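[1] Mind folding the following:
(3 chains)
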Amino acid sequence: MSVSLGELAVRFGCELRGDPDTRIDGVAPLGAGREHALSFLANPRYLRALATTRASAVVLDRASAASSPVPCLVSDNPYATFARIAAYLFPPPPVTPGIHPSAVVDRAARIDPTAHVGACAVIEAGAQIGARSFVGPHCFLASGVVVGADVRLVARVCLGEGVSLGSRIVIHPGAVLGADGFGFAPDRGVFVKVPQLGGVRIGDDVEIGANTTIDRGALGDTIVEEGVKLDNLIQIAHNARIGAHTVIAASTGVSGSVTIGRRCMIGGAVGFAGHISICDDVSIAGYSVITHTIKRPGVYSGLIPSEEISTWRRIVARLKRIELLAARVAAVEQKLNMRASGAQSEDDE
Amino acid sequence: MSVSLGELAVRFGCELRGDPDTRIDGVAPLGAGREHALSFLANPRYLRALATTRASAVVLDRASAASSPVPCLVSDNPYATFARIAAYLFPPPPVTPGIHPSAVVDRAARIDPTAHVGACAVIEAGAQIGARSFVGPHCFLASGVVVGADVRLVARVCLGEGVSLGSRIVIHPGAVLGADGFGFAPDRGVFVKVPQLGGVRIGDDVEIGANTTIDRGALGDTIVEEGVKLDNLIQIAHNARIGAHTVIAASTGVSGSVTIGRRCMIGGAVGFAGHISICDDVSIAGYSVITHTIKRPGVYSGLIPSEEISTWRRIVARLKRIELLAARVAAVEQKLNMRASGAQSEDDE
Amino acid sequence: MSVSLGELAVRFGCELRGDPDTRIDGVAPLGAGREHALSFLANPRYLRALATTRASAVVLDRASAASSPVPCLVSDNPYATFARIAAYLFPPPPVTPGIHPSAVVDRAARIDPTAHVGACAVIEAGAQIGARSFVGPHCFLASGVVVGADVRLVARVCLGEGVSLGSRIVIHPGAVLGADGFGFAPDRGVFVKVPQLGGVRIGDDVEIGANTTIDRGALGDTIVEEGVKLDNLIQIAHNARIGAHTVIAASTGVSGSVTIGRRCMIGGAVGFAGHISICDDVSIAGYSVITHTIKRPGVYSGLIPSEEISTWRRIVARLKRIELLAARVAAVEQKLNMRASGAQSEDDE
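    Numbering: from 1, shown residues only, chains lettered A, B, ... in the order given. Purely as a prediction, here's the structure:
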């Protein structure tokens, strides 16, 4: 597709600077532009790359516009505007209605005639698939699963019993929704399985990454609210609830019955202890472990950056003997008759 | 299914308090009960919810029984008893014998006539499937795989060469057993693959979560003993051995040739260095790293809870300079002529 | 297959000590040898096991050869030589040319006549598969995917749009290459998807573990260079680049636009912050988090070994109050008039 910059300005509500007839047929990074490519500048750190860009046009904010050597689209949020234009230039492939002959679809499944069911997909009785939804190859939809409209199950997505999806959801290959939660009751040295009878409910406009797992609830449901974005290899345990428009990076684990608020930003490989709540608008640095309920919006971290190994080993050795260091300080204070001050009372626990 | 509370009391060996004709047709959390639902109280912390429950009956222990406003079943282990009753009320769907026409089953595979092979499953030559076992859609059983009786491979389970399963095992979608272990010999700047020739042996009554991976051994086998419960996204490397009735939470990684004892409880995202042993009856807090053999039963941890980020940054900055803090303490001690005491000798390393 | 030790010595360029007619038909660990098995000794730590081995022959280095009670092959790199011999004795099964009748292969795909496409595999239009490559059951190759020669996709491998593989690559079940990178632009409380238009390029001789995910680039490609070995459950985010002959252990996460050099050795569950570079020849201990660019080859770590829990809790409690400990030391120094020394100036931040 080739469009004029002027048309993009109108369609995406940007102020245009430069030749409206500039042709755009693709997108490129600022540093690797080419003729007819549109690029973007969202971070002033890259201003230098702007000066030498070979892109034919750039989306940027008002402050940077004067520095652009090429025509530009001015936007309050250049990255979001660029994303929307890129999606316009490269729309997902249209959904071809119909069921591939190799798919195995139970007669009691209800597939919208505008939906697509791909090769070797398996759809059980009672499953429902909404209008224009795409069920890619090797997907499995268990009995009773509900899929809304305009959903895209890219390939090999597994939706177990009790899973229901809203609309405009994207799920990447290998994701497993609706496996049994990890519930076992210890009893005289063995573990008795606690039947997992709840479901998984996914709100509209959610995206779920490759090989991510979201277990069904034990009694109630596991819930992912609208607009949530989950990266790859994330674990969401039974009865967790992820609030609307929260984003979670890869390899994070959310334990059972955890509630995460709305608009949270969770880094990669974060862990949450079970049964805690995180309020709205919390950011958590990657590689942090959250063990307690968080009631105040803000940024939290437990990340410890690595060091060259000999330095690190000295630090760890000291850390392991930190009790001894504190005892030495206390002995010094005692010798100096400094033990009465408030600062030391923490020691007398 | 609807049963009387009296019948449940008899069948599950509980003392009944209240009307034996109370009808039970389902289960519910204590706080969200409804008529004809059975709930449970396993933790005295939830005693308050008991007072207002709308469940028709509750399983609880002797001490809490007097506080119940509704009929109850008294059990020494209310959670396990509840689990068994829930399993009785909601049995897994019966296994329909037969092979789905879309499944690809080698003529030289031996499928018990009471077993089920689902849609698009692929079973290679020499594979064996025992009585009443359920092989769900999209499962793959490589040549020579052995599956015992009453096994449930929910869907899309991959069993590679050399995998053998006992009986009454449940494996959730996406799990991969029997992929090659990660074995490479460095040789002049490149890595030579070490053929992985061992197998994977899974004991009776094991449950394995979604997208968990258990590699085949290099020479000997990787072994998961009876009753082990593994959550989602766990990595078990080649030649590891997990002792009977051990439970491991999600995202944990067990390195090569690690031996974990019986009845251990391993939290989520725990890591084990290679070639170490953990004795029986060890508990490990989530997010801990175990680098050495553990010979004493007990609880171990390396978990550091997160903080608000400005607090945390100050802590990390201090930690990174802990050597300097120790040096300052040593200087103070020297000035005070305190260096002779035993406590300080640790510094002279 | 049964061969003589003399033939192995010639074929693999080893010095032979002992009877060249010794028959070898398999391999075994040193401690669990049996007649006609070949074992190896790569670590002098296991010299004791050599003395009592029941293997018929052993691969070892010159220094250990004198201690061998059985015939031996002398090699500068016994482990690599053993790996090569094991691969010779146990070659992967030959690739049977042809397309399984249950596979769904688009007419516009180009499959080399010597390649194999397994049961229920799905190959879209424009995909190419090179000579002698093996595409196992349940694999999915999206439109336009390129697979080189002698590649082995064991089973259920997903190659999304824009993925291209070199030759002699092995990919284990559940791996997903080419899912969308995790790119969203925040805009007034919601997230706008940034189309992921790049690809994934995998070099020759790469091995990729089970359930590992490698996302396609946003604009440019995600790149894994030749000879890289990736274990299971690894996340490689969009636009990352992994240098040649680097090995990465299980459960590690590589964030977006990270560049890792050549010949790096990355432990398990390591994390990398986004947009950083790691130079060649860096080793990183497992469970470390790398937040900054590394420009110097060496070993880095952030691993903290666990402790018995009561000890650990005391350490964490002290760590959380390390600011207070530093303040106490400063107070002592002040009382002693020691604040002028350079060592303390770090405190005045």
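[2] where are the low-confidence patches of the stretch 201-349 of chain A?
    Across the stretch 201-349 of chain A, the ranges flagged by pLDDT under 70 are A:340-349.
[3] Quick check: nearest residue in space to the residue in it positioned nearest to chain B, chain neighbours excluded?
    Among the residues of the stretch 201-349 of chain A, A:Gly302 lies closest to chain B, at 3.4 Å counting by CB to the nearest CB. C-betas here are computed from N, CA, C, even on glycine. Nearest non-adjacent residue to A:Gly302, counting by CB to CB, 6 or more residues apart in numbering or on different chains: B:Ser306, 3.4 Å away.
[4] cool, A:Gly261 as well?
    A:Asp280 is the one closest to A:Gly261 (CB to CB, 6+ apart), at 3.7 Å.
[5] where are the low-confidence patches of the stretch 1-150 of chain A?
    In the stretch 1-150 of chain A (pLDDT under 70), no residue qualifies.
[6] Contact residues of it facing chain C?
    Residues of the stretch 1-150 of chain A lying near chain C by CB under 8 Å from any CB of the partner chain: A:27-29, A:32, A:77, A:79-80, A:82-84, A:86-87, A:90, A:100, A:102, A:118-120, A:136-138.
[7] Tell me if I am right that the residue nearest to A:Gly261 is in a helix.
    No: under DSSP: H, G, I helix; E, B strand; the rest coil, A:Asp280 sits outside any helix and is assigned coil.
[8] Could you check which residue of the stretch 201-349 of chain A lies nearest chain C?
    A:Ser306 (3.4 Å).
[9] ok, the residue nearest to A:Gly302 touching B:Trp312?
    Yes: if you go by CB atoms under 8 Å, B:Ser306 and B:Trp312 touch, sitting 6.6 Å apart.
[10] which neighbours do those two share?
    A:Tyr300, A:Ser301, A:Gly302 (CB atoms under 8 Å, 6 or more residues apart in numbering or on different chains).
[11] quick one: which of those residues sit in strands?
    A:Tyr300, A:Ser301 (DSSP state E).
[12] any chance of the shared contacts of B:Ser306 and B:Trp312 in TSV, with neighbour count too?
    Below are these laid out as TSV (neighbours: other CB atoms under 10 Å in any protein chain shown):
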residue	neighbour count
A:Tyr300	23
A:Ser301	23
A:Gly302	24
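[13] Make TSV out of the shared contacts of B:Ser306 and B:Trp312 and add distance to B:His238.
    Output for the shared contacts of B:Ser306 and B:Trp312, formatted as TSV (distance: CB to CB, whole Å):
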residue	distance to B:His238
A:Tyr300	37
A:Ser301	35
A:Gly302	32
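[14] Can you get me a residue count around A:Tyr88?
    By the measure other CB atoms under 10 Å in any protein chain shown, the count of residues near A:Tyr88 is 14.
[15] cool, A:Val117 as well?
    By other CB under 10 Å, the residues close to A:Val117 number 27.
[16] Is the most centrally placed residue in chain A bridged to anything, and to what?
    Chain A has A:Leu230 as the residue nearest its centroid, 2.7 Å off, counting by CA atoms, centre = their mean. Taking DSSP bridges as the rule, A:Leu230 bridges to A:Ile208, A:Ile248.
[17] My guess is it contacts A:Ser251. True?
    No: taking contacts as CB under 8 Å, A:Leu230 lies outside contact range of A:Ser251: 11.1 Å.
[18] Tally up the residues packed near the residue nearest to A:Gly261, please.
    Neighbour number of A:Asp280 under other CB under 10 Å is 14.
[19] Next up, the contacts around it.
    A:Gly243, A:Gly261, A:Arg262, A:Arg263, A:Cys264, A:Pro297.
[20] burial measure for the spatially closest residue to the fifth one that is not a sequence neighbour, as a count.
    Right, the one you point to is A:Cys264. Nearest residue to A:Cys264, sequence neighbours excluded (CB to CB, 6+ apart): A:Thr246, at 4.2 Å. A total of 24 residues lie near A:Thr246 under the criterion other CB under 10 Å.
[21] what's the answer for A:Val10, then?
    Other residues near A:Val10 number 12, with proximity taken as other CB under 10 Å.
[22] does it sit in a helix, a strand or a coil?
    Counting by three-state DSSP, the backbone at A:Val10 sits in helix.
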